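Engineer: Give me the fold of what follows.
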Amino acid sequence: MSAGPIPGVPSGPVPGPVGRGDRIDSIDTLRGVALLGIFVMNIPTFALTGAAFFNPPAGGGFEGANYAVWLVSHGLFDMKMMAIFSMLFGAGVALMGERFGQTGRSAVGVHYRRMGWLLLIGMVHAYGIWFGDILVAYSLIGMLVFLLRRLPAKWLLVIACALLPIGMALSGAQQAMFEWMRSSTDPNMVETWEDVGSMFFPTEEFLEEERQNALGGFAERIRAHAPDVLMMQTWVFAVFTFWRVSALMLLGMALYKWRVFDASRSTAFYATLLAAGLLIGGGLIAAGVVVNHRNGFDPVAFFGVVGWFNYAGSVGMALAWIALVMLVCKSGVLRWLRASLAAVGRMALTNYLMQSVIAAFIFYGWGLGYFGRLDRIDYVPIVIGVWAFQLLARPRWLARVRYGPMEWLWRSLTYWKPQPMRRGSAS
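Structural biologist: A predicted model of the protein is given here:
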């Protein structure tokens, strides 16, 4: 039985979810690479003290193999995978608007329902599983950048370049504030810095409290990290996430319009982009590592010039990743791996949430409770295991059904009717 007409929407054929034959394989492959890479950077936030994000020596070990894990993660994945995912999200917004436009119908209603349901999914993920959720930010920013989808690519690039430095400037302002707090002799400010500074230089008391919060039951964990979620969705969103993600989504729209993501540009174009991204982005990141060592990994400096190296360099490195994946897609090599990555990319929402559930089960108290017990090198096998599972399982899943479980739910809610799940069923 078909659903009745939606009030306020003209009757007739309505564009539905993108079918398998309509998808751009290179985009799905790139999304799969980003999705797997994101887990490299997310798992430490489950496994280690939160201070280790700003102050790497604070947790997980920082010598020998542990240092090598941090260096590779920082150089190749930290902020790079988020940059790719943000660009692809923007490209997806432009793609959906374009395909609706080809039918002569508006994408407004579908897009805002889509973002609204993603916001709800993100809130459940953030408060129920992991404070570092990015879906809430993507849904809110996606509502805004949608309004700019028809701009020419060059103007999208101009706006992106104008927005990106704002996050750097606000981060620098935070550094100045922390430096002032740290150097103040005012008794009230000294006390305030003791509280704030414990997030960067954790005391034994702070670490024990953090450990108890992580190892509590499910309800206790939710209560303990609710303030972290609130901070991520308010302060961090306002001074960092909004500016960077908005810029990257707009850049993704521009790259989509320039046909960078469909592997149709020349080999010389992608080779040049790869070389430039590695030279500029890699150079900035390497310089940041050197400066960080000279500063003794001072977490306050992380918010200023030290952090700026990776903030800017990660965009160049993300473009290098994009160019590399497009070159592989153009070449036709590694067919099995590309097919598996594309399947992972088509189930990105399911895989992203599954990664969080797996990590939470391993490290939190309502699961195995390994929080704070593993060094960086120890969770590498976990990452590889999750990668292997998703690469092997996803093609088999999609050989039988159209969508991942969360993709099916999201699409069904967006289009106001259950989507056909099994292959061969009528759409």
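Engineer: all contacts plus neighbour counts: C-alpha atoms, from now on.
Structural biologist: Fine.
Engineer: Span of stretch 232-250 from start to end?
Structural biologist: For stretch 232-250, the first-to-last residue distance is 22 Å (C-alpha to C-alpha, to the nearest Å).
Engineer: which parts of that stretch are buried?
Structural biologist: Neighbour counts using 16 or more other C-alpha atoms under 10 Å place 232-233, 237, 239-250 of stretch 232-250 among the buried residues.
Engineer: Of those, which is the nearest to Leu170?
Structural biologist: If you rank those by distance to Leu170 using C-alpha to C-alpha, Val239 comes first, at 5.8 Å.
Engineer: how much space between that closest one and Leu163?
Structural biologist: Counting by C-alpha to C-alpha - Val239 and Leu163 are separated by 12 Å.
Engineer: Got phi/psi on the residue nearest to Ile280 when sequence neighbours are not counted?
Structural biologist: Excluding the flanking residues, the one nearest Ile280 by C-alpha to C-alpha, 6 or more residues apart in numbering is Gly316, at 6.3 Å. Torsion angles at Gly316 (phi, psi; degrees, to the nearest 10) stand at phi -60, psi -40.
Engineer: Give the burial count for Gly316, as a bare number.
Structural biologist: 27 (other C-alpha atoms under 10 Å).
Engineer: now swap in Arg223 and tell me
Structural biologist: 14.
Engineer: cool, Asp195 as well?
Structural biologist: 13.
Engineer: Which helix or which strand is home to it?
Structural biologist: When elements are defined using DSSP states H and E, Asp195 is found to belong to helix 187-197.
Engineer: circling back to that earlier point, my read is that the residue nearest to Ile280 contacts Gly282, right?
Structural biologist: Yes - with contact defined as C-alpha atoms under 8 Å, Gly316 reaches Gly282; the gap is 7.4 Å.
Engineer: ok now do the residue nearest to Ile280, which residues does it touch?
Structural biologist: Ala276, Gly277, Leu278, Ile280, Gly281, Gly282 (C-alpha atoms under 8 Å, 6 or more residues apart in numbering).
Engineer: returning to that earlier point: show me what the helix holding Asp195 is in contact with.
Structural biologist: Contacts of helix 187-197 (C-alpha under 8 Å, 6+ apart): Met181, Arg182, Ser184.
Engineer: Identify the residue nearest the geometric centre of this structure.
Structural biologist: Met82 (3.7 Å; C-alpha atoms, centre = their mean).
Engineer: Can you give me the buried ones in the helix or strand harbouring that one?
Structural biologist: Applying DSSP H and E as the criterion places Met82 in helix 80-102. By 16+ other C-alpha under 10 Å, the buried positions in helix 80-102 come out as 80-100.
Engineer: Return the list of helices and strands in contact with that helix.
Structural biologist: In terms of contacts (3 or more C-alpha pairs under 8 Å, 6 or more residues apart in numbering; DSSP states H and E), helix 80-102 is packed against helix 25-47, helix 135-145, helix 242-257, helix 305-331.
Engineer: Turn those into JSON lines, columns for distance to Phe371.
Structural biologist: As requested, the helices and strands packed on helix 80-102 are arranged in JSON lines below (distance: least, C-alpha to C-alpha, whole Å):
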{"stretch": "helix 25-47", "distance to Phe371": "5"}
{"stretch": "helix 135-145", "distance to Phe371": "24"}
{"stretch": "helix 242-257", "distance to Phe371": "30"}
{"stretch": "helix 305-331", "distance to Phe371": "27"}
